[in-house]
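> sharing a sequence plus its predicted fold:
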Amino acid sequence: MTAIHLENLVKRFGAFTALKTMDLEIRDGEFMALLGPSGCGKSTTMNMIAGMEGPSEGRILFDGRDMNGVAMGRRGVGFVFQNYAIFTHMNVYDNLAYGLRVRGLPDAEIDSRVKKIADFLQLTPLLKQPSAKLSVNILQRLAIGRSAIVEPAIFLLDEPLSNVDAAFRAVMRTELKHLQRQFRQTMVYVTHDQLEAMTMADRIAVMDHGVLQQVGTPLEVYNNPVNLFVAGFIGSPGMNLLRGSLADSDRGLVVDLGELGLTAPLSPEVAAAARAHAGREVVYGFRPERVSLSVTGEGVPMPVTFVERIGARTIAHLGTGAQRVKAVFDNDVTAESGTTVSVAVEPASVRLFDAATGIAIREA
Amino acid sequence: MMNRSVPFEIFRYATILLALAITLVPTLWMASMAFKPIAEWSAAGADLTWWPKNPTLDNFRFIFGTSTSDLIVALDRTAGKPILSSLLSAVFGTLIAMSCGTAAAYGLSRFGSGQNLPLALIQLRLFPPMAVMIPVMIMWAFLGLVDSWWGLALIYGIVTLPFAFWLMKTFFDDMPREIEDAALVEGCSRTRVFMKITLPMMRPALASSALFVFILNWSDYLIALLLTTREWVTIPVYMASLSSSMTGQLYGAKAALGLIAAVPPVVMGIAIQRHLVRGLTFGALKQ
């Protein structure tokens, strides 16, 4: 129940800059996901919030209080590590009770709180077991329980689900969200898995190469990526990005997609925003989910090079050369590799990016 | 498991048998010898057999000064005090090396920078102990530590400190920092983390390092030879004195003492075997 404010945060390790100026406001009670590929600075940011590392520059404020120089044990944060960091010489009960014992709570209260959290995380039958031989899934629940039991105002989770199996991950995504709703903590969740970020977070902070790229709700980040990195990173598969140039025509502003031999019309909103860029090189972006097969023969004929059938969905790889496109269809689509299909893109779903800077072209 | 060919299997077991023979035969010979009467182990007997024909505990009685048989020599002292001396000096030497070595290793592993200090410690072992024993003898004489078990314990602690330090440093380096961070973030002090989390998790490492250091101290001959004269000679030094001008080497007595000397390391080894086999399971980490 604490707001976190990161102010011009910089972290250098020797000559290497892990984080280049980070400004981020995490609201009280918010579930914020730090999302990015490995090495983007998300874990470094998290470690600085916890106090394991000090910032090279900038400040970290909890409810306006500067945390610089405050030892990590006094920040009131709970931390769940990627590798669990369970105390293997203790049993499950003692692991859960650890934080409360350090705080010197009476035994009766410790006992009732351990039982409560064990019940919530379905650890009750295992309380007396030594923790050294538990399965990964149980270790994960134990690690979350050990941090959650002290009800920290800020809960930090560093890729907690990356080692557990896929089915359990789906369960834990729901449970973590449930846990956070119940306790109303401020939660910061580091992950490279966009599915986790999308399903759990109130807002997502997308990072790359030590730079914060975009902060927004999952839908904002998905629908309106601010630059080419976010467009390509968010979504599975990411946004299709084709190079083209903006040209004026009798149909209004269109994008000339060169090699594809196509001039794509733009919706009025996109065209209005792109007006100032007329004649310039742009990147024409659209979601694979927004591609439709055209039955009437309109649209662009494209060769199918590869088809991935993944249960409910089918991903078709279309086109050759530089202008390739991925399209996501329902699983009953008949497209086979080696054939040619006609495809069309909904104009309203198109996003344009400045080819030189990579920044999204939006209405000012 | 891959399928090995028959010749390879034969070769493998032959090699194992050879290695076992080299290590076990002298040990078994010693054990057998310890229970033989003088006629069976002395050169005069000239009839050497694997099994004692007339097993006896006479050799043990002899070194403890309670023999009534015809061992001609009279010992000027019994094995009791040397055994005590060996135990005290080796145990306390191990305690000194382990406590200082563990503390130093933890500090350097967590807060140290650079390699100079760790390397300086290991280079203590790069030259032969003989090279420094003369100055050590002078210092020990000055401090009044010659011919005492505490003087021996001190030099044992110093000499084996580099081993204790390096073994423990490797273990501390391998221990993931997250485990300590997890306790620190709960508000635990560094000292309490060390005492309640790190040391208990390090129990297997402590046990195996201590055994290694203890065996080094227990089997020392040279240092004890130079730093003890009479009162506190250790087992190896005492064993060397088990001879006489009339009978030559008292092999039976030496074998009996050797058998006794083998007991502590074996007992310790068995006691901590569980730790040695299990090794370290740090936080059930999946790396």
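Here it is on my side, so go on. Residues are numbered from 1 along each chain as shown, chains lettered A, B, ... in the order given.

> for the stretch 51-200 of chain B, what lies in contact range of chain A?
For the stretch 51-200 of chain B, the residues in contact with chain A (C-beta under 8 Å from any C-beta of the partner chain) are B:176, B:178-179, B:181-189, B:192, B:197, B:200. For the C-beta atoms, the positions are set from N, CA and C on the backbone; glycine is no exception.

> quick check: mean pLDDT across the helix or strand containing A:Leu139?
Per DSSP states H and E, A:Leu139 falls inside helix A:136-148. Averaged over helix A:136-148, pLDDT sits at 89.

> same question, stretch A:7-22
90.

> what lies in contact with it?
Stretch A:7-22 is contacted from outside by A:6, A:23, A:41, A:44-45, A:48, A:53, A:55-61, A:209-212, using C-beta atoms under 8 Å, 6 or more residues apart in numbering or on different chains.

> where along chain B do the strands fall?
B:243-244, B:248-249 (DSSP state E).

> please work out which of those is packed deepest.
Mean neighbour counts were compared across the strands of chain B using mean count of other C-beta atoms under 10 Å in any protein chain shown; the top stretch is strand B:243-244, at a mean of 14.

> relative to A:Thr263, how far out is the residue sitting furthest away from the middle of chain A?
Outermost residue of chain A with respect to the C-alpha centroid, by C-alpha atoms, centre = their mean, is A:Asp250; its distance is 41.5 Å. In this view, A:Asp250 and A:Thr263 are 11 Å apart by C-beta to C-beta, to the nearest Å.

> kindly report the same for A:Pro130.
69 Å.

> and A:Thr320, by the same measure?
20 Å.

> please say which of these two ends up with more neighbours.
Using other C-beta atoms under 10 Å in any protein chain shown, the more surrounded residue of A:Thr320 and A:Thr263 is A:Thr263, with 15 against 11.

> bridging residues for the more buried one?
For A:Thr263, the beta-bridge partners are A:Asp256 (DSSP bridges).

> give the contact list for it.
Per C-beta under 8 Å, 6+ apart, neighbours of A:Thr263: A:247, A:249, A:254-257.

> which of these ranks first by neighbour count?
Busiest of the contacts of A:Thr263 [other C-beta under 10 Å] is A:Val255, holding 24 neighbours.

> hang on, that residue packs against A:Gly244?
Yes: using C-beta atoms under 8 Å, A:Val255 makes contact with A:Gly244 at a distance of 4.3 Å.

> what is the neighbour count of the residue in the stretch 1-150 of chain B that chain A sits nearest to?
Here the stretch 1-150 of chain B gets closest to chain A at one residue, B:Ser113, 12.1 Å apart by C-beta to the nearest C-beta. Neighbour count for B:Ser113, taken as other C-beta under 10 Å: 7.

> about what we covered before: measure the residue farthest from the centre of chain A to A:Ala264 for me?
15 Å.

> same thing with A:Ala167?
In this view, A:Ala167 and A:Ala264 are 42 Å apart by C-beta to C-beta.

> comparing these two, which shows the higher neighbour count?
Neighbours of A:Ala167 and A:Ala264, each counted by other C-beta under 10 Å, are more numerous for A:Ala264; the result is 18 against 9.

> quick check: the more buried one touching A:Leu253?
No: with contact defined as C-beta under 8 Å, A:Ala264 and A:Leu253 do not form a contacting pair (10.3 Å).

> identify the contacts common to A:Val255 and A:Gly244.
Common neighbours of A:Val255 and A:Gly244 (C-beta under 8 Å, 6+ apart) are A:264, A:282, A:284.

> residues contacting the first one?
If I follow you right, that is A:Ala264. Counted by C-beta under 8 Å, 6+ apart, A:Ala264 has contacts A:244, A:254-255, A:257, A:284, A:345, A:347, A:350.
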